[in-house]
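# No sequence on hand, only this structure:
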DNA sequence: GCGGCGCATTGACGATTGTCAAATTTTATC
DNA sequence: GATAAAATTTGACAATCGTCAATGCGCCGC
């Protein structure tokens, strides 16, 4: 499925609109120039791989547009979607810092624009501006916090509650409210990926979806989802607080 | 339950045997002196809190001896044991870096010796030596990697396999081999904590333990565990590879 | 347009799990 | 050491979940 990515040169970090929202915002002007010299922009089609588990990273990837899935595969070939990355996110810096191979793969979930920054440039910037390392540290700590939150959810919520929570999170980014007060969105991922995100089989997700539809809470058609009353999904997360 | 911790002054980071195994190993000699001036050693009894969720950290904690449980509580009061920390580990630096309250609590699981390093000193050291920030970054990235591995396990393994895996990990640190080739250990945590670590109810863990005993795989008595053939536990992790 | 192929849905069924409850053991406190 | 509190174990039962299997749907390449 993956086609070759397209390398473009009509772009520059100096003028990148996402830079102020990324880790690179701590750089000074001359450091941004250095960043721009080590940078190459790539366009990816849906399904294309940005990097793969097991490879050693030769640079970091800075997202300008699109959605990228961060996955990990276990020994039996099960794919688990761990994280969705968005414009402003920097990907793959762990491997550059440690020299270890990537522990996850990154795959475009739609047309995406991602800049590659050469490892040498990254190291020069880390040397030149200690704030960049601290910024990466803050970002990584936030990711760790998010991962731990997921662990808590996996340990305490039912699959149904986890799916409801995931739908709310996705609705927050992909959803829009219609005139009748309902919320709709186009799912960025397949049912299988939804299942791996909540730690269940895809058949189980299908059944939960069926029940949600029967109960009038959410309606699915392909990848489009309609939630008439968003509060009904919120109810699913809170365990029964008998009153 | 928690008694007050004991503040001791008969100790110095300069001579600390764990320093070479901790993040502070990147410091130069004069920086270690600065570290030692900002440091206070505390002794904690089993069950005592080192810091709590919601508090803003006024420094970082460096473990010299013992075992510390990193927990998170959800809105309903469920406690999830996310991580066990050991000598050489540095705890609570996220809060110091971000100014945000601690997202987890840290509790001694037995007699523990933990040094507190004042936030001001930490910031001075981060300013003085950029390698310290990069070291924290590597450490945090490793923690993130471990958390993601747990997420994959939660998504793909049965509770029984997760418990077997956890026992193997604990055996690696707490176990010793007896003359007859069996492995034994003293569990550092309660059944409830074991359950929260694998994302199951404590009743479920009790039942899995009963089955493991009936099948001759592992024998539990209080907190002591005896595993006659460690390979039998390993078999539990690998899904059925029909041959 | 057609055939394939992967994804999605649904049914059936057994296994596992969560919940509630009670009995028992261990641990903590005085 | 006695009592209280907490942790653990076990049973019963309903609900959920995973697996296997069959079918339908949609997309893509030819």
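Cool, got the structure. On a predicted model such as this, the values are computed, not experimentally measured, just so you know.

# if I look at residue A:196, how far off is residue A:101?
Distance from residue A:196 to residue A:101, counting by C-beta to C-beta, to the nearest Å: 21 Å. For every residue, glycine as well, the C-beta is placed using N, CA and C.

# Neighbour count: the two, which is higher?
Comparing residue A:196 with residue A:101 by other C-beta atoms under 10 Å in any protein chain shown, the one with more neighbours is residue A:196, at 25 against 13.

# what does chain A put close to DNA strand C?
Contact residues, chain A versus DNA strand C (C-beta under 7 Å from any atom of the strand): A:190, A:191, A:192, A:202, A:203, A:205, A:206, A:207, A:209, A:210, A:220.

# Could you pick out the buried ones from those residues?
Taking 16 or more other C-beta atoms under 10 Å in any protein chain shown as the criterion, what is buried in these is A:205, A:209, A:220.

# what sits against the second one?
If I follow you right, that is residue A:209. By C-beta atoms under 8 Å, 6 or more residues apart in numbering or on different chains, the contact set of residue A:209 is A:163, A:191, A:218, A:220.

# Domains in chain A, by residue range?
A:6-150, A:157-237 (automatic domain parsing).

# how far is the last one from where the chain is centred?
Going back to what we said before, that points to domain A:157-237. Going by C-alpha atoms, centre = their mean, to the nearest Å, the spacing between the C-alpha centre of domain A:157-237 and its chain's C-alpha centre is 17 Å.

# what does the longest one give?
Offset of domain A:6-150 from its chain centre (C-alpha atoms, centre = their mean): 11 Å.

# what about it, near chain B?
Yes - if you take C-beta under 8 Å from any C-beta of the partner chain as the test, domain A:6-150 does meet chain B, through A:72, A:74-76, A:78, A:80, A:82, A:94, A:97-98, A:103-104, A:126-127, A:130, A:133-134, A:136-138, A:140-141, A:143-145, A:147-150.

# for that domain, what is the average pLDDT?
The average pLDDT within domain A:6-150 is 92.

# Equivalent analysis for the last one, please.
On average, the pLDDT along domain A:157-237 is 95.

# And the buried ones among the residues of chain A next to DNA strand C, which is closest to chain B?
Within those, the smallest distance to chain B is 12.2 Å, found for residue A:205 (C-beta to the nearest C-beta).

# right, and residue A:23 touches residue A:137 too?
No - using C-beta atoms under 8 Å as the test, residue A:23 is too far from residue A:137 to be in contact (10.0 Å).

# Tell me which of these two has more neighbours.
Shown here are residue A:23 and residue A:137; by other C-beta under 10 Å, residue A:137 has more neighbours (24 against 21).

# hang on, the earlier thing: out of the buried ones among the residues of chain A next to DNA strand C, which one sits closest to residue B:15?
Set against residue B:15, the nearest of those by C-beta to C-beta is residue A:205 (56.5 Å).

# Show me the residue sitting in the middle of chain A in space.
With distances taken as C-alpha atoms, centre = their mean, residue A:84 lies nearest the centre of chain A, 1.4 Å away.

# check contacts around that one.
So residue A:84 contacts A:67, A:68, A:69, A:70, A:109, A:188, A:189 (C-beta under 8 Å, 6+ apart).

# give the contact list for the closest residue to the fifth one other than its chain neighbours.
Pointing back at residue A:109 there. Excluding its sequence neighbours, the residue lying closest to residue A:109 (C-beta to C-beta, 6 or more residues apart in numbering or on different chains) is residue A:67, at 4.5 Å. Residue A:67 makes contact with A:84, A:85, A:86, A:108, A:109, A:110, A:112, A:188, according to C-beta under 8 Å, 6+ apart.
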